[in-house]
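1. fold the following for me, if possible:
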Amino acid sequence: MTIPEFLTYTVIFLAVYVQVFFLVTFFDHFKEIKKLKNEPLPDLVNPPKVAIIVPCWNEEKTVHGTIASILALDYPPELLEVIAVDDGSTDKTWEELSQYKNHSRVRIFHKENGGKHTAVNFGIENTDAEIIGGLDADSFVAPDALRRMIGMFMANPKAMAITPSLIVDQPKNILQYAQRIEYNMSTYNKKMLSLLGAIHVTPGPFSLFRKNMFTKIGAFRKAHNTEDQEFAYRMQENHLQIEHCVNAFVYTRSPNTVKKLYVQRLRWIYGFIQNTMDYRHLIFNPEYLNFSFFTLPSGVISIIAVVYLSLVFLYDAILLVIKKITVYSIAGFTHGGVAHLHFDWFYINTQTVFFVTIFLYMLIIFSIVAGTRLNKQGHGFDWHILAYILIYSVIAPFWLLKAVWNTIARRGQPAWR
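-> Model prediction:
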């Protein structure tokens, strides 16, 4: 076996291991997951006061709908306040927020631009609520989401943060439908990580926190423009429990062009690499259990695997092109090319790696279908799964390679948008 073959087998085996680990976790907690999916709304006795912070930067088109979705939450009105913070917008965001200046449950603030983390921290400093959440100004929360999440807080005093399930809101093109598939799979993955006590990100759209936790470990940081990920790392470092409420749904607007998606994912992957480097002391540290031995290593391995396989594919493609050019230059197009192409079963790849790869894709499809059912987006096979696999197989390596290159070359963090 050659070194490239050994490396290929290794990365594919590790990818399969991650999916099998999730699969075993799923079936080990199957009854619990099935119960959670159809769990009735909890009865809240003496519920806590909640503040939802909406950080805004140039969100004139969506912020009104975001705030309206919060005000429509099924929760005692006197115990729910909205804190909207305009972080130095240059459009008409402040004019949109000003419509709420006399609203009894909405407080609006304007500050100089300092980044999303400063806007959220400003809101935290200006509330006495026991539970604090954030909601990005391009997202909308389901009416029962808060009640379900507060029910989890009240049932588990050790839970210090609870994350929702994210769903792509109103996809309009094939790229957004592919992202919806990705988000459905993410719900499955996040629930498995929650069961393992190994969540690595508390997403901006509607993650909730106990306020006293900020006193213990501090406020949000810039963190390479991925403050929601760094905060989860810090919580894990301090042994603070993060849970996932699988039936609390938040609808978020997704990028509608390849360029916007590329910029977003480049920031996410670069942030993951940088935050993992900052918290590298947690990797394989027995004190942090599954977060240390599974979440962080599997994330690093996934990046390495995609980068390696992409480079191998590119190398093989270049060799193939060179070979074909050589054949055509010697034998001519007719004798060496299309005219003599025909199907032959002999050329079907029957190596082990082929079948292992097929098995890997079957596991991925299972996770997508399971996540789709958890997100109540359907019960059967969604043909957009094929679009997701095809589109992401082509474009995902580009932002992964770029994020790795930026890290090696120390290019600095990508722009927010």
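2. use CA for all of it now, contacts and neighbours both
-> Noted.
3. what about stretch 283-300, average pLDDT?
-> Per-region confidence: stretch 283-300 scores 95 on mean pLDDT.
4. swap that for stretch 14-26, please
-> Here the mean pLDDT over stretch 14-26 is 91, rounded to a whole number.
5. and the contacts of that stretch?
-> Contact with stretch 14-26 is made by 33, 189, 192, 195, 298, 301-302, 356, 359-360, 363-364, 367, as judged by C-alpha atoms under 8 Å, 6 or more residues apart in numbering.
6. mind telling me what element the residue most central in space within the chain is part of?
-> Averaging the C-alpha coordinates of the chain gives a centre point, and the residue nearest to it by C-alpha atoms, centre = their mean is residue 186 (6.2 Å). Secondary structure from DSSP states H and E places residue 186 in helix 174-195.
7. quick one: distance of that helix to the chain centre.
-> On the basis of C-alpha atoms, centre = their mean, to the nearest Å, helix 174-195 is displaced by 7 Å from the centre of the chain it belongs to.
8. that one - contacts with which helices or strands?
-> Helix 174-195 is packed against helix 3-28, strand 159-168, strand 241-252, helix 352-374, helix 384-409, with contacts defined by 3 or more C-alpha pairs under 8 Å, 6 or more residues apart in numbering; DSSP states H and E.
9. what's the angle from that helix to helix 352-374?
-> For helix 174-195 against helix 352-374, the angle by axes from the mean of the first three to the mean of the last three C-alpha atoms, to 10 degrees is 90 degrees.
10. which parts of helix 174-195 are buried?
-> Within helix 174-195, the residues that qualify as buried are 175-195, counting by 16 or more other C-alpha atoms under 10 Å.
11. likewise for stretch 260-274?
-> Counting neighbours by 16+ other C-alpha under 10 Å, one finds that the buried residues in stretch 260-274 are 261-274.
12. next up, the contacts around residue 189.
-> The neighbourhood of residue 189, defined by C-alpha under 8 Å, 6+ apart, consists of 22, 367, 371.
13. and the nearest residue to the second one once chain neighbours are set aside, what is it in contact with?
-> To tie it back to what came earlier, the one meant is residue 367. Once flanking residues are discounted, residue 367 sits nearest to residue 185: 5.7 Å by C-alpha to C-alpha, 6 or more residues apart in numbering. Contacts were defined as C-alpha under 8 Å, 6+ apart; by that measure residue 185 touches 367, 368, 369, 370, 371, 372.
14. neighbours around the first one, how many?
-> Right, the one you point to is residue 367. A total of 23 residues lie near residue 367 under the criterion other C-alpha atoms under 10 Å.
15. model confidence score at it, please.
-> Residue 367 carries a pLDDT score of 94 in this model.
16. average pLDDT for the helix or strand where residue 260 lies, rounded please.
-> In this structure, residue 260 sits in helix 258-278 according to DSSP H and E. Mean pLDDT, helix 258-278: 95.
17. and the next element down the chain from that helix?
-> helix 289-290.
18. which outside residues touch that following helix?
-> Under the criterion C-alpha under 8 Å, 6+ apart, residues 196, 197, 198 lie in contact with helix 289-290.
19. then stretch 194-205?
-> For stretch 194-205, using C-alpha under 8 Å, 6+ apart, the contacting residues are 25, 134-136, 139, 161-164, 166, 190, 193, 228-233, 236, 241-244, 250, 252, 290-291, 294-295.
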